[in-house]
Structures are given as structure tokens and as C-alpha cells.
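# Give me the fold of what follows.
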Amino acid sequence: MSVDGWVAAGFEGVRGAFQANFDAGKEVGAAFAAYHRGQLVVDLWGGIADQHTEKPWEEDTLVLVYSTTKGATALCANKLIQEGALDADAAVVTYWPEFAQAGKEAVTVTDLLAHRAGLAWIDGSMSFDEMVAWEPVVRALGAQAPSWPPGTAHGYHATTFGWLVGEVVRRVSGKSVGRYLADEIAGPLAADFYIGLPARLEDRVARLVSFAEAGGAGAPLEGLPGAGGDQLGQLAEYLAPDGALTKALNAPGGALSDPGVWNTPELHRAEVPAANGICDARSLARLYGAAVSDVVAPSGEKVRILSPEQLTRAVHQETEGPDKVLLGLDMQWGLGFMINRGLIDLARIGGPRSFGHFGMGGSAGWAEPDAELAMGYVMNKMVVGTTGDTRSYRLMHACLEAAAAR
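Numbers count the residues shown, from 1 in each chain. I've put the predicted structure just below:
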């Protein structure tokens with residue numbers, strides 16, 4: 001499979017790593033991009049965007065990136081914190097009074113961003129139409145009792161994170177999180193990253209290759225560094241119908257339990273700020289690049305989203321101990337971002353201040369602030385795991401090595 005795009009001098013090894021993923025049969029369609037010191041240095045794409053039609057992956061192909069979306073949502077919240085419009089230490093009820101139900105009066109904004117709120121799922125059932133309407137989910141979360149005492153432990157809020165943080169963004173800014181992202185972050189960067197895809201762009205979206213279509217049983221837990229036999233047993237427990245991870249992934253109320261829904265225009269147009277972001281690798285890398293340095297946008301203007309001070313606050317470790325939803329794994333969080341501690345540290349993706357977010361199936365947005373390096377990886381072939389896999393690790397390690405040599 002031929003690879004299109006280009007790399008700057010010194011980053012030839014990244015192109016080789018990208019090609020190697022295809023040569024090993026690990027990809028159907030994919031793209032990878034990187035910014036170094038504010039400049040685009042890697043922009044690669046290749047393969048097939050839709051196996052049903054054999055449509056090729058083009059320079060402007062977009063794809064749904066599941067939980068990599070959380071990184072963009074976290075950027076929105078952190079920008080509001082930076083501007084003084086949102087206080088990370090304040091109680092959520094300061095901005096969302098209806099949240100003060102079922103013992104949640106003391107839950108803080110940081111609790112939401114660090115997955116400490118105890119609201120990883122919603123009891124009861126909910127239809128797809130109710131889910132995309134936003135308000136039914138927000139009302140249900142306002143009434144929901146926490147599954148553990150908020151602030152005492154963390155557990156991955158796989159889908160509810162988006163509505164929890166998104167509603168705070170909406171209450172503070174007066175805009176939905178998708179609109180805020182478009183106006184305040186993606187727009188100034190001319191980045192194609194959408195939470196709520198405009199209908200006119202639907203024909204650019206690649207079709208996801210599900211775990212079943214990809215032969216997903218072939219590499220269980222490939223995306224979990226250090227995962228072993230004990231975790232295989234835990235996976236069966238957590239993915240049982242009443243298991244924590246099953247309930248978290250299917251929240252709210254089973255509305256997202258059908259795997260086929262992720263390829264539908266109806267889901268693409270909705271705002272599910274934890275899970276349905278749609279972008280290309282170039283735009284994903286640009287967002288993270290602007291979080292760690294001044295990025296040169298296509299217009300030639302230099303744009304930075306987070307100040308150095310807010311970046312330091314965003315990557316400060318807010319959690320410790322095992323995750324109550326993700327198999328009890330040592331996953332640690334800053335203000336909405338996965339940070340380079342515990343499980344992530346085993347993958348050795350940069351230094352101690354590195355941060356970002358992975359998405360189910362394999363996508364990733366990641367930055368190494370001290371190297372002023374930001375990377376985005378997107379693909380349509382799903383691999384089991386929530387913290388990247390050998391495809392993204394190979395690319396990011398090659399990119400880190402190139403940046404260090406440069």
C-alpha cells in the first residue's frame with residue numbers, strides 16, 4: 001500500500017514507521033501528522049477510507065476518533081480556566097445548580113475533569129433520540145447518584161465525561177462544547193476537528209472497520225502496555241452485562257450500545273463530547289501543537305491555545321491508585337488529559353510532562369511540551385484497547401527520536 005504526504009528533513013524514519021504499519025497488515029486506512037516548534041513536520045496518509053466502496057484515504061479524509069475527542073473537550077475547559085471564566089476548584093453547582101442532587105453538592109470541576117465524580121454511567125434506559133437531544137442526558141446526570149463517594153477515587157467516565165464537562169462549558173460560555181470548540185479553538189487554527197459534524201462534510205468521513213470486521217479477537221489487550229493474563233480475566237468481569245466498563249461504554253442508558261451507530265450521519269451530527277469527535281491527523285496534531293507552543297496556522301498567523309502556566313496546571317497529577325472502571329489499571333489524569341504516569345509511562349511516550357488522549361480502537365493525540373512536539377494519529381481499523389497500540393507507539397517513538405535528533 002503506497003503512502004502519500006511528506007515529512008521534513010530528519011523525520012524520514014516516521015514515514016518508514018507509517019509504511020511499516022501497512023506492510024504488516026495492521027492498517028486499512030490511516031493518517032499521522034506532527035508539529036515541531038510550531039511547524040508542520042509530518043503529514044502522511046494512505047490506504048482505504050471505505051472498504052465497502054474501495055474509496056481511497058485522501059488528504060482531506062476525516063474519521064471518528066472515539067475518546068481522543070476528550071482531549072479537545074479538555075482543551076475547551078482549560079481555555080475557560082485560563083481566562084478566569086471557570087474555576088477548576090469550584091463546586092460544579094456554582095455553574096450548574098441543578099447538579100446539586102443525590103449528594104453531589106461538593107463535586108468540583110476538577111472532579112469532573114479527572115474522572116473522580118463517580119458518575120461513569122447513568123441508571124435506567126435512554127433512547128438514541130433522547131441522547132442526541134442533550135438535555136435528557138444532562139437532566140439524568142443531575143439526578144444521578146454517584147457510584148462511589150466523589151473525590152475519593154477515579155474511574156473512567158467513558159461517555160459521561162463529555163456531557164458533564166460539556167454542560168459546564170455551556171453554562172459558562174453560553175455555547176455548546178462543539179460550538180465553543182469551533183469558535184475559540186479549531187476556527188482560529190483552521191483545524192478540521194468537529195464535535196457535531198456539519199452535514200456538508202459527511203462524504204469526507206471514513207468508514208470505521210469494526211473489531212469483528214478487523215478480526216478483533218486476534219490481539220486482545222494489544223493496546224494495554226504491560227497487560228497480562230490476569231487482565232484477561234478481569235476484562236471478562238468488567239465487560240459483563242452489569243460490569244463497570246460495559247455500563248460506562250454504553251452510557252447513557254444503552255443509547256450507544258449498537259456498534260453500527262458510530263458510522264451513521266445521525267451520530268456524526270450529534271454532540272457527544274467524550275466520543276464522537278471527527279477530524280484528520282493534521283488537525284489533531286495542530287490542536288495539541290497549539291497547547292504547547294505557538295503554531296503556524298495555514299493563514300500564517302501564530303496561534304497558542306494554552307499559556308505555559310495553564311499547561312502546567314493541566315498536566316498536574318490529580319489522581320492516584322487503580323481506575324475503578326478500566327480493569328483496575330494504573331491510569332492517571334490531569335485536568336481532562338491522560339498524563340505520563342502509571343500505565344501510560346510504560347509506553348515511554350516522551351517525558352514526565354507529556355500528555356494527551358487515546359481513543360478506543362487506536363487513535364491518539366499526544367504532546368511532549370519540553371520538545372514542543374505534538375502528534376496526531378487517526379485510522380479506521382479498530383484494535384481492542386483504550387491506550388493506543390503498537391501502530392501509534394511505533395509512530396510516536398519514531399517522531400520523538402527525530403525531534404530529539406533535530
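# residues contacting R406?
By Cβ atoms under 8 Å, 6 or more residues apart in numbering, R406 lies in contact with G10, H36. Heads up, the C-betas are built off the backbone N, CA and C, glycines and all.
# Could you pull up the contacting residues of the spatially closest residue to G118 that is not a sequence neighbour?
Nearest residue to G118, sequence neighbours excluded (Cβ to Cβ, 6 or more residues apart in numbering): P146, at 3.0 Å. Counting by Cβ under 8 Å, 6+ apart, P146 makes contact with A102, G103, K104, V107, A117, G118, L119.
# Could you rerun that using 7 Å?
If you count contacts by Cβ atoms under 7 Å, 6 or more residues apart in numbering, P146 has them with G103, K104, A117, G118, L119.
# How is the last one assigned, secondary-structure-wise?
Reduced to three states with DSSP: H, G, I helix; E, B strand; the rest coil, the structure at L119 is coil.
# Now do it against H154, distance only.
According to Cβ to Cβ, to the nearest Å, L119 stands 12 Å off from H154.
# Looking at those two, which one has more neighbours?
L119 (29 against 26; other Cβ atoms under 10 Å).
# For that one, report the pLDDT, please.
Here, the pLDDT recorded for L119 equals 98.
# burial count for M382?
Neighbours of M382 (other Cβ under 10 Å): 24.
# Quick check: it vs R204, distance?
For M382, the distance to R204 - Cβ to Cβ - is 20 Å.
# swap in G388?
Distance from G388 to R204, by Cβ to Cβ: 24 Å.
# Same check on P273?
In this view, P273 and R204 are 21 Å apart by Cβ to Cβ.
# same check, this time on D389
25 Å.
# More neighbours: those two, which one.
Between D389 and R204, counting by other Cβ under 10 Å, D389 is the more crowded of the two (26 against 16).
# I'd say that one and V383 touch.
Yes: using Cβ atoms under 7 Å, D389 is in contact with V383, at 4.7 Å.
# Is D50 in contact with R204, as I believe?
No: counting by Cβ under 7 Å, D50 does not reach R204; the two are 11.0 Å apart.
# before we move on, back to that, only the buried subset of the contacts of P146, as a PyMOL command please.
Remark: buried members of the contacts of P146, expressed as a PyMOL selection using 16 or more other Cβ atoms under 10 Å:
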select buried, resi 104+117+118+119
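# Okay, now the unreliable bits of this protein?
Within the chain, the segments meeting pLDDT under 70 span 215-239.
# what are the phi and psi values for K247?
For K247, the backbone dihedrals (degrees, to the nearest 10) come out as phi -70, psi -40.
# residues near it, how many?
Around K247 there are 21 residues (other Cβ under 10 Å).
# quick one: secondary structure of the residue nearest to G118?
At P146 the chain is in coil, as set by three-state DSSP.
# on contacts alone, who are the packing partners of the longest strand anywhere in the chain?
Criterion DSSP state E: the longest strand present in the chain is strand 39-50. Strand 39-50 sits against strand 3-7, helix 12-23, strand 29-36, strand 55-56, with contacts defined as 3 or more Cβ pairs under 7 Å, 6 or more residues apart in numbering; DSSP states H and E.
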